[in-house]
Each structure stands twice: as structure tokens, then as C-alpha cells.
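[1] no sequence for this one, just the structure:
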């Protein structure tokens with residue numbers, strides 16, 4: 001049977017050391033690209049691109065474990081979140097997005113495992129749907145905790161990010177497709 005998850009097909013997920021390496025490497029990747037950001041209180045960053053790539057290439061369990069580790073590093077005080085934020089971000093205005101990232105990675109991996117993300121187009125569509133889904137916890141948190149209204153949330157927390165999310169979903173799909181293509185060429 002053909003492997004559905006890229007990292008499992010390329011290097012395997014057997015053994016605790018290999019799994020730990022993937023989780024730590026994925027967390028570091030997300031932390032690094034999260035620093036490429038502009039704006040406040042909701043920064044535009046490449047974080048969601050990295051999360052989609054991790055979920056789509058690691059699978060559901062490893063993707064979720066990677067995001068839980070990422071949040072754990074932030075909770076321990078490491079500056080892994082956008083703009084060098086750490087534990088304070090877990091209760092700040094963007095906390096809903098941060099916690100939603102776990103579901104995003106898990107669902108991206110699940111889509112791959114269930115065969116919903118097989119080519120560039122279907123993978124991009126999955127990425128777009130998951131990018132839209134992240135707004136549910138992302139907007140619920142400031143609405144409940146800060147009393148933000150829907151027009152405020154739309155104008156400052158959602159509308160400016162929609163086009164970028166579509167582009168990032170497309171890039172993630174191309175990265176995954178490129179990874180599969182490279183693996184096929186390597187195997188001959």
C-alpha cells in the first residue's frame with residue numbers, strides 16, 4: 001500500500017528518536033517562520049503556511065503533537081510565537097488562533113491520510129478550508145475575552161488576512177506536491 005503521509009514515506013515514523021526529531025524540527029520550523037511577521041495585535045506571518053506544511057507532511061497525530069510541542073515551548077517562555085512572544089500570547093488577543101493551530105495541523109494530516117488531499121488542487125482546497133476554519137477559535141477568543149464586535153473582528157482580525165491565507169494554502173500544496181515529486185524521482 002502506498003504511504004499517504006510524505007514524511008512517513010520519505011524517512012518513516014518508526015522509533016521514538018525519529019518521532020522526537022520530527023516534532024522538534026517541525027516546532028522549530030514553525031517558530032522560525034512565525035518571526036517573519038508584521039502587524040499588531042494580529043500579526044501577518046508565515047506561521048499558518050508552516051502549520052499547513054507540517055500537518056500535510058507529518059500526518060494527523062505527528063502534526064498535532066508538533067503543534068502541542070510548539071505551544072508548550074511558548075508556555076515555557078521561549079519566544080516562539082509571532083513578534084517574539086511567548087507565554088503571554090497564550091492568554092493574549094490571538095490565543096484563539098494559537099490553540100486552533102493544533103486542530104489545523106491535525107485536520108490537515110487527517111485530510112492527507114483519508115485521501116482528500118492528493119494533488120495540488122485538492123491539497124490547496126483543503127488548506128483554504130482549514131485556513132478559514134482557524135477563524136472560528138481565532139475570532140471567538142477576542143469576541144468573548146475582549147468584547148470585540150463582529151465589524152471590529154472583520155475589519156482588523158479577518159479581512160486583511162484572507163488573500164494571504166489563500167496564497168499560503170496554494171504554496172503549502174505546491175511544497176507537498178514538490179516533496180512527493182522529489183521522492184518519486186529519488187526512488188526512480
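    That came in fine, so what should we check first? Please read these numbers as outputs of a predicted model, since none were measured by experiment.

[2] Show the contacting residues for the spatially most central residue of the chain.
    By Cα atoms, centre = their mean, the mean C-alpha position of the chain lies nearest to residue 51, the distance being 1.7 Å. With contact taken as Cβ atoms under 8 Å, 6 or more residues apart in numbering, residue 51 is in contact with 30, 67, 101, 104-105, 108. (Glycine included, C-beta is placed from N, CA and C.)

[3] Where does it sit, in terms of helix or strand?
    Taking DSSP states H and E as the criterion, the element that holds residue 51 is helix 47-58.

[4] Determine the next helix or strand in the C-terminal direction from that helix.
    Next along from helix 47-58, by DSSP H and E: helix 60-75.

[5] That next one relative to helix 47-58, how many degrees between them?
    Using axes from the mean of the first three to the mean of the last three Cα atoms, to 10 degrees, the inter-axis angle of helix 60-75 relative to helix 47-58 is 140 degrees.

[6] can you tell me which of the contacts of residue 51 are in strands?
    Judged by DSSP state E, strands contain none of those.

[7] Make CSV from the residues you listed and add pLDDT and neighbour count to it.
    Output for the contacts of residue 51, formatted as CSV (pLDDT from 0 to 100; neighbours: other Cβ atoms under 10 Å):
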residue, pLDDT, neighbour count
30, 98, 27
67, 98, 27
101, 98, 28
104, 98, 24
105, 98, 32
108, 98, 32
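
[8] which is the next helix or strand following the host helix or strand of residue 131?
    With elements taken from DSSP H and E, the one containing residue 131 is helix 120-133. Scanning forward in sequence from helix 120-133, with DSSP H and E defining helices and strands, the next element found is helix 135-145.

[9] buried ones in that following helix?
    When neighbours are counted by 16 or more other Cβ atoms under 10 Å, the buried residues of helix 135-145 are found to be 135, 137-139, 141-143.

[10] any low-confidence regions in this structure?
    Using pLDDT under 70 as the threshold, the predicted model of the chain has low-confidence ranges 1-2, 41.

[11] what helices or strands is the lengthiest helix in it leaning on?
    Longest among the helix segments of the chain by residue count, using DSSP state H, is helix 162-187. Counting contacts by 3 or more Cβ pairs under 8 Å, 6 or more residues apart in numbering; DSSP states H and E, the secondary-structure elements packed against helix 162-187 are helix 6-10, helix 47-58, helix 120-133.
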